[in-house]
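[1] sequence first, predicted model second:
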Amino acid sequence: MRVAFLVAPEGVEESELTGPWEAVTEAGGEAVLVSTWPGEVLSFRHLEKGDRFVVDQVVGEVSAGMFDALVLPGGVANPDHLRTDAEAVDLVKDFVDQGRPIAAICHAPWLLIEADAVRGRTLTSYPSLATDIRNAGGTWVDEEVRVDSSGPTTLLTSRTPRDLPAFNEALVGVFTTAAAAAH
């Protein structure tokens, strides 16, 4: 299982990057850090600067076909930056078009909204995105983790870092099943 983690050059919530990353690698998968700029990304622990992580590939150099699944970590600044980057939005659309599963936590569904991937779907997120999801044609629910397989791709969403254990368990299950079916 090869999983892309799409993040902005700064602003990703560190635990929402490292927790799913560890879950993927512990399950025997390969995690690949993709960003809009080469070099390193700066994570945050809420509003405090966190660790730096080396970028493996740049958005314009990858496509959904190179991966089995996509993780969209949150933080407020991270998805806000990504939803204004056309190549990042196109990459998310590529995953949707190819039916590859996407896991998004916290504020990351903003990127799904920008990619027009929530219409008719049921998601959870950080509560402040509820109106955004509804306005984009989706249904928002207040749940620890929500898996919606009703559209062209499975969307797996969670609310906050508190939900990471359930989020990680669900994404490993969904991603492993998708990878096995694809290979």
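    Yep, that arrived. Residues are numbered from 1 along each chain as shown.
[2] going forward, measure contacts and count neighbours with C-alpha atoms only.
    Will do.
[3] quick one: the helices in this structure?
    Ranges of helices in the chain, per DSSP state H, are 14-26, 77-82, 86-97, 109-114, 130-135, 164-182.
[4] which neighbouring elements make contact with the first one?
    Pointing back at helix 14-26 there. Counting contacts by 3 or more Cα pairs under 8 Å, 6 or more residues apart in numbering; DSSP states H and E, helix 14-26 is packed against strand 2-7, strand 30-35, strand 40-45, helix 164-182.
[5] least reliable of the ones you listed going by mean pLDDT?
    Among those, helix 164-182 carries the lowest mean pLDDT, at a mean of 94.
[6] what comes up buried for it?
    Neighbour-count burial for helix 164-182 flags 164, 167-168, 170-172, 174-176, 178-179 (criterion: 16 or more other Cα atoms under 10 Å).
[7] V62: which of those is nearest?
    Minimum distance to V62 across those is 17.8 Å, recorded for A179 (Cα to Cα).
[8] ok, and what's touching stretch 68-75?
    If you take Cα atoms under 8 Å, 6 or more residues apart in numbering as the criterion, stretch 68-75 is touched by 1-7, 11-13, 16-17, 20, 44, 46, 95, 100-108, 175, 178-179, 182.
[9] contact partners for G29?
    Applying Cα under 8 Å, 6+ apart, the residues near G29 are 1-3.
[10] what would those look like in JSON lines with distance to L33?
    Conversion of the contacts of G29 to JSON lines gives the following (distance: Cα to Cα, whole Å):
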{"residue": "M1", "distance to L33": "14"}
{"residue": "R2", "distance to L33": "11"}
{"residue": "V3", "distance to L33": "9"}
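[11] follow-up on the earlier one: can I have the buried ones of the contacts of stretch 68-75 as a ChimeraX selection?
    Those of these that count as buried under 16+ other Cα under 10 Å are selected in ChimeraX with:
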select :1,2,3,4,5,6,7,11,12,13,16,17,20,44,95,100,101,102,103,104,105,106,107,108,175,178,179
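[12] distance of the spatially closest residue to D85 that is not a sequence neighbour from S15?
    Nearest residue to D85, sequence neighbours excluded (Cα to Cα, 6 or more residues apart in numbering): T36, at 7.9 Å. Going from T36 to S15 by Cα to Cα, to the nearest Å gives 20 Å.
[13] and the residue nearest the centre of the chain, how far from H46?
    The residue lying closest to the centre of the chain (Cα atoms, centre = their mean) is L72, at 1.5 Å. According to Cα to Cα, L72 and H46 sit 16 Å apart.
[14] mean pLDDT per helix and strand in the protein: which one sits at the bottom?
    Least confident element among the helices and strands of the chain, by mean pLDDT, DSSP states H and E: helix 164-182 (a mean of 94).
[15] chain center to it, what's the gap?
    Relative to the centre of its chain, helix 164-182 is centred 13 Å away, using Cα atoms, centre = their mean, to the nearest Å.
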